[in-house]
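A.B. asks: What would the 3D arrangement of this be:
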Amino acid sequence: MVKTSSLAVLLFVSAISRLPAQSGDTYVIRDVRVFDGENVVERQTVVISQGRIIAIGNAQVSVPTGAQEVAGEGRTLLPGLMDAHIHLPIFPVTSGSEALQQSLAFGVTTSIVMGAAPSQFVARIKGLEDTDPTDIAALLSAGIYATAPGGHPTQMSGPGGPPFPTLTAPGEADAFVAARIAEGSDFLKIIYDDVERFGRKLPTLDEATVAALATAAHARGRIAVAHIGNEQYARSAITAGVDGLAHLFEGPTVSADFGQFAAAHGVFVIPTLSVLYAACGMPDGPGFLKEPETMKLVQPRFRTFLEMPMAQSNLRCDAASQAVRQLAAARVPLLAGTDAPASGTTYGASLHKELEHLVNAGLTPTAALAAATSATAKAFRMTDRGRISVGIRADLLLVDGDPSKQIRATRNIVAIWKRGVRV
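C.D. replies: Next up is the predicted model:
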């Protein structure tokens, strides 16, 4: 297991000790439109108690005495949103919690960390996930990336930290995956990308090693997700047996059969249009900076990511939007993810923009909402959230208006609950 500094652990434990415990409050939301993760149902009454949804139905639903009343008329109740692709800042040690606080402030109740450097995973990311405090977004994490020596993202690990474990051949895959699971990884993230499009070609794994990693993950009951650099890598990773793609890809066009190819192999895809568009010279950051209501919730340390240009801006993103349309038509599960805090993105706010990008690329608003709720929960095997049904944990978002008709209504936040605690 990776060793961490005693100072980092002390700061982490101190921060956790100040977080609030789970609340036993009971709430009733009356006459509310419900998006249950798949469908929209009008004029429902929803009761929350002891961190879970205990009743859903019409006005005759039994409500415990003393329940706090929340007006639902003209509003929509959704499962708490999920960002299927984020990373946490490496330094300082407290910034991971701050990132997740900002996520929760925008209604993102669960975030999936798509990989971490060895120096941050065990002490910080895994610790936050295991304690699941109610004032930050919940976590799942891939832990340390599977990559080749000198491959992406070893160049980002920083000086003086623990060595970055890597592998070079299929025969090393089983031991590599076993080590990641022993550290607490929830799933495996594979880097299959030489990043040549950004001007510097780095080593990457071969298809046989990707296949061996996927097989080793499956043998241990974990899914394997691949970061890919172009359509060729995407097809190769899918052929190798990964469960999902952590990105789509830049380019002027996509092959006409890509959607059907993905569907035939049963994968899911996280398009991350926000970060791809930023790489293609169309970042969301400048727009966010002109939205005072949004920026009130963006912490100063994360504002810099919105202001930061991508290193490359002469790429094209036609392939990504074309691929989204193909994948949707082929009924490939699409998940909403942002890759925050990559240049031009930020925690929480960028997920709302990602939903807009998905709708503009051809999804219905309801399909986009599913991408940020039930589809992500299903892909990552989270059976206790992502839907609104009796017995599910009360991770919920209440908004004014109807985002199933106008997707921007997800921004009209009225209330947020995590595990039944109103934020």
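
A.B. asks: switch to C-alpha atoms for all contacts and neighbour counts from now on
C.D. replies: Will do.

A.B. asks: Which stretches in the stretch 251-400 of the chain count as helices?
C.D. replies: 258-264, 273-279, 285-289, 292-295, 300-307, 318-329, 349-360, 365-371, 374-379 (DSSP state H, counting those that start in this stretch).

A.B. asks: got the contact list for the residue nearest to residue 108 when sequence neighbours are not counted?
C.D. replies: Nearest non-adjacent residue to residue 108, counting by Cα to Cα, 6 or more residues apart in numbering: residue 81, 4.5 Å away. Listed by Cα atoms under 8 Å, 6 or more residues apart in numbering, the contact set of residue 81 reads 107, 108, 109, 110, 372, 373, 386, 396, 397.

A.B. asks: Could you save those residues as TSV and add columns showing pLDDT, neighbour count and distance to residue 171?
C.D. replies: Shown next, in TSV, are the contacts of residue 81 (pLDDT from 0 to 100; neighbours: other Cα atoms under 10 Å; distance: Cα to Cα, whole Å):
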residue	pLDDT	neighbour count	distance to residue 171
107	98	32	43
108	98	31	39
109	98	32	39
110	97	28	35
372	98	28	37
373	98	31	37
386	98	31	37
396	98	27	44
397	98	23	46
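
A.B. asks: returning to what we had before: now for the helices of the stretch 251-400 of the chain, which one comes closest to residue 184?
C.D. replies: Nearest to residue 184 among those is helix 374-379 (18.7 Å), distances taken as Cα to Cα.

A.B. asks: Phi first, then psi, for residue 74.
C.D. replies: Phi and psi for residue 74, reported as degrees, to the nearest 10, are phi 80, psi 10.

A.B. asks: Can you verify my assumption that it contacts residue 398?
C.D. replies: No. The criterion here is Cα atoms under 8 Å, and residue 74 misses it with residue 398 at 10.5 Å.

A.B. asks: low-confidence ranges in the stretch 51-200 of the chain?
C.D. replies: For the stretch 51-200 of the chain, the stretches flagged by pLDDT under 70 are 90-94, 119-127, 156-161.

A.B. asks: What segments of it are helices?
C.D. replies: In the stretch 51-200 of the chain, the helices defined using DSSP H, counting those that start in this stretch lie at 95-105, 118-120, 127-131, 173-183.

A.B. asks: want to throw the ones you listed into a markdown table with distance to residue 296 and mean neighbour count?
C.D. replies: As requested, the helices of the stretch 51-200 of the chain are exported to a markdown table (distance: least, Cα to Cα, whole Å; neighbours: other Cα atoms under 10 Å):
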| stretch | distance to residue 296 | mean neighbour count |
| --- | --- | --- |
| helix 95-105 | 10 | 23 |
| helix 118-120 | 28 | 23 |
| helix 127-131 | 25 | 16 |
| helix 173-183 | 37 | 17 |
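
A.B. asks: for the ones you listed, which one sits closest to residue 407?
C.D. replies: Among those, helix 95-105 comes nearest to residue 407, with 18.2 Å by Cα to Cα.

A.B. asks: CA atoms of the closest one as PDB?
C.D. replies: Output in PDB follows, covering the C-alpha atoms of helix 95-105 (Å, rounded to 0.1, in the frame of the first residue of the first chain):
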ATOM      1  CA  SER A  95      -8.600  21.000  -1.900                       C
ATOM      2  CA  GLY A  96     -10.200  17.600  -2.600                       C
ATOM      3  CA  SER A  97     -12.900  18.300   0.000                       C
ATOM      4  CA  GLU A  98     -13.400  21.800  -1.400                       C
ATOM      5  CA  ALA A  99     -13.800  20.500  -4.900                       C
ATOM      6  CA  LEU A 100     -16.500  18.100  -3.600                       C
ATOM      7  CA  GLN A 101     -18.200  20.800  -1.600                       C
ATOM      8  CA  GLN A 102     -18.500  22.900  -4.800                       C
ATOM      9  CA  SER A 103     -19.800  19.800  -6.700                       C
ATOM     10  CA  LEU A 104     -22.500  19.300  -4.100                       C
ATOM     11  CA  ALA A 105     -23.500  23.000  -4.200                       C
END
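
A.B. asks: quick one: contacts for residue 323?
C.D. replies: Residues near residue 323 by Cα under 8 Å, 6+ apart: 248, 254, 258, 259.

A.B. asks: cool, and residue 235?
C.D. replies: Residues in contact with residue 235 (Cα under 8 Å, 6+ apart) are residue 262.

A.B. asks: how far away is it from residue 415?
C.D. replies: 42 Å (Cα to Cα, to the nearest Å).

A.B. asks: same question, residue 381
C.D. replies: 26 Å.

A.B. asks: isn't residue 241 right up against residue 215?
C.D. replies: Yes. Counting by Cα under 8 Å, residue 241 touches residue 215, with 7.5 Å between them.

A.B. asks: Could you report the neighbour count for residue 255?
C.D. replies: 12 (other Cα atoms under 10 Å).

A.B. asks: Got the phi and psi for it?
C.D. replies: Torsion angles, degrees, to the nearest 10, at residue 255: phi -60, psi 150.

A.B. asks: still on that earlier bit, more neighbours: which of residue 74 and residue 398?
C.D. replies: residue 398 (26 against 14).

A.B. asks: Spatially central, which residue of the chain would that be?
C.D. replies: When Cα atoms, centre = their mean is applied to the chain, the residue found nearest the centroid is residue 84 (2.0 Å).

A.B. asks: Which one of the contacts of residue 323 is nearest to residue 302?
C.D. replies: Distances from residue 302 to those, taken by Cα to Cα, are shortest for residue 248, at 24.5 Å.

A.B. asks: contacting residues around that closest one?
C.D. replies: Residue 248 makes contacts with 228, 230, 234, 269, 270, 271, 272, 273, 276, 320, 323, as judged by Cα under 8 Å, 6+ apart.
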